[in-house]
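*Asks:* I'll drop the sequence and a predicted model, then ask my questions.
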Amino acid sequence: MQFMASKQPENSLLGPESDSQRTLYPYVTGTSVVALKYKDGILMAADMGGSYGSTLRYKSVQRMKPIGKHSLLGASGEISDFQEILSYLDELILYDNMWDDGNSLGPKEVHNYLTRVMYNRRNKFNPLWNSLVLGGVKNGQKYLGTVSMIGVNFEDNHVATGFGNHLARPILRQEWHENLSFEDGVRLLEKCMRVLLYRDRSAVNKLQIAKITEDGVTISQPYSLKTYWEFSAFENPAQGAI
Amino acid sequence: MYVANRASDKITQLTDNVYVCRSGSAADSQIVSDYVRYFLHQHTIQLGQPATVKVAANLIRLLSYNNKNMLQTGLIVGGWDKYEGGKIYGIPLGGTLIEQPFAIGGSGSSYLYGFFDQAWKEGMTKEEAEQLVVKAVSLAIARDGASGGVVRTVVFEFSVVAFNLVVFVVLKINSDGVTRNFYPGDKLQLWHDELEPQHSLLDILNAPSPEPMNI
């Protein structure tokens, strides 16, 4: 069995018997990403945690990155696979720039590319263990989509990955509306992130919120959310019990 | 579990200015180090100047990521280059690359997360950093069955602190080069529930009895 820096198995003609690569399980993982469309573009939030099983091992992992001029990618799941995806996208954007034709890949195209990558890996039983959120604005058109590790993809006005699906989306369904202001959008995302902080074991209290508009991408500095624990029922949980 | 080597050297040199701390499977970490040393050597010849820490770390990452199904090794790359100064990169299982102000790894590191959260400070001196690392590894040896024996340090510039559990590396490079230090296990500070080692019970029994009280 050759040991090389490349990852192509040389005898994949053997089919299921060949020991071709497959990601069996993730090691260092990121938790939820939440995003919504607002008046000027897309807002996306993710914490900076890289968990190693139950250990909150890394607390300064950037899980959102700008892609080209018009897109922003957020990822949950295995961080090494996310780094590999960024590498693929780097190449994609490079080739796009090399055409030097005034055109550039928009968020819809990047989302489609990612969908193909994720789905094809799934078909080979060697998935990239990520759930991705791709947002962007091009020529005034806002775009927000998501792709999972098995290739499920769709676009919507608000999306979330991981625990965010269960905890954030109900909040977003109730409170999102068309043409949110920047402030309202940030507050809504923070509401979701706070719930995730209370209720997701893998959440870490250090997050970033990213904004993408026609003018470009801004990712905020890392910051922490205040939490409230002083309910009397927390201080005296057994009061009234017999 | 049998201790195959009670004094292994887990800090491995890749180039004059880059070292790697190895943990997990010794075979896997040794072969990865050997390949990266070989690639870096060629890279240095082509480049015409010393390789950067980032390049070394990325080579380790490529091997770790692309062979993730076969390898079981966590590595910490630390070094100094003229562009970015002292840098540390952690490369855990799976092949994630993460730049850190300090890094810990290996089985005993589980016992040190809390210790470092409390004790690590930005801008420590070389002496403070080395003392911190020796203390940390010593604490880990106290609680981790898979750690023990000796403590090794390698000292480089800027209190870049990187270490691996059973061994640690404080990397410091200055114009004097790189300094290696050795701390035998019996010379380390004693922790809770640990006793001063004795030659024999007989020495204790035969010890002179304490002076009667002088009132």
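*Replies:* The structure has been received and is ready for your questions. Because the structure is a prediction, the values reported are computed rather than measured.
*Asks:* tell me the secondary structure for the nearest residue to residue A:149 once chain neighbours are set aside?
*Replies:* In this structure, residue A:149 finds its nearest non-sequential neighbour in residue A:127, 4.6 Å apart by CB to CB, 6 or more residues apart in numbering or on different chains. For glycine as for every other residue, the C-beta is placed from the backbone atoms N, C-alpha and C. Here residue A:127 is recorded as coil under DSSP: H, G, I helix; E, B strand; the rest coil.
*Asks:* Can you give me the buried ones in the longest helix seen in chain A?
*Replies:* As assigned by DSSP state H, the longest helix anywhere in chain A is helix A:79-98. Of the residues in helix A:79-98, A:79, A:80, A:81, A:82, A:83, A:84, A:85, A:89, A:92, A:93, A:96 count as buried by neighbour count, 16 or more other CB atoms under 10 Å in any protein chain shown.
*Asks:* For chain B, tell me which of those residues show up nearby.
*Replies:* Contacts with chain B within those, counted by CB under 8 Å from any CB of the partner chain: A:79, A:80, A:83, A:84.
*Asks:* My guess is residue B:110 contacts residue A:53. True?
*Replies:* No - using CB atoms under 8 Å, residue B:110 is not in contact with residue A:53, being 10.6 Å away.
*Asks:* if you count what's nearby, which of the two comes out ahead?
*Replies:* Neighbour totals were compared for residue B:110 and residue A:53, and residue B:110 leads with 14 against 11 (other CB atoms under 10 Å in any protein chain shown).
*Asks:* quick check, that one in a helix?
*Replies:* Yes - assigned with three-state DSSP, residue B:110 falls within a helix.
*Asks:* for chain A, what spans make up the helices?
*Replies:* A:79-98, A:107-123, A:163-175, A:182-199, A:232-235.
*Asks:* any idea which of the ones you listed scores lowest on pLDDT?
*Replies:* Among the helices of chain A, helix A:232-235 has the lowest mean pLDDT, at a mean of 89.
*Asks:* Identify the residue spatially nearest to the residue in chain A that chain B sits nearest to, adjacent ones excluded.
*Replies:* Closest to chain B within chain A is residue A:27: 3.4 Å, counting by CB to the nearest CB. Leaving out its chain neighbours, the residue that sits closest to residue A:27 by CB to CB, 6+ apart is residue B:94, at 3.4 Å.
*Asks:* Tell me who's in contact with the one you found.
*Replies:* Counting by CB atoms under 8 Å, 6 or more residues apart in numbering or on different chains, residue B:94 touches A:26, A:27, A:28, A:78, A:79, A:80, B:64, B:65, B:68.
*Asks:* can you put those residues in TSV and add distance to residue B:20?
*Replies:* Compiled in TSV, the contacts of residue B:94 are given as follows (distance: CB to CB, whole Å):
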residue	distance to residue B:20
A:26	24
A:27	19
A:28	19
A:78	23
A:79	20
A:80	18
B:64	11
B:65	16
B:68	18
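*Asks:* List buried members of these by neighbour count.
*Replies:* With burial judged by 16+ other CB under 10 Å, the buried subset of the contacts of residue B:94 is A:26, A:27, A:28, A:78, A:79, A:80, B:64, B:65, B:68.
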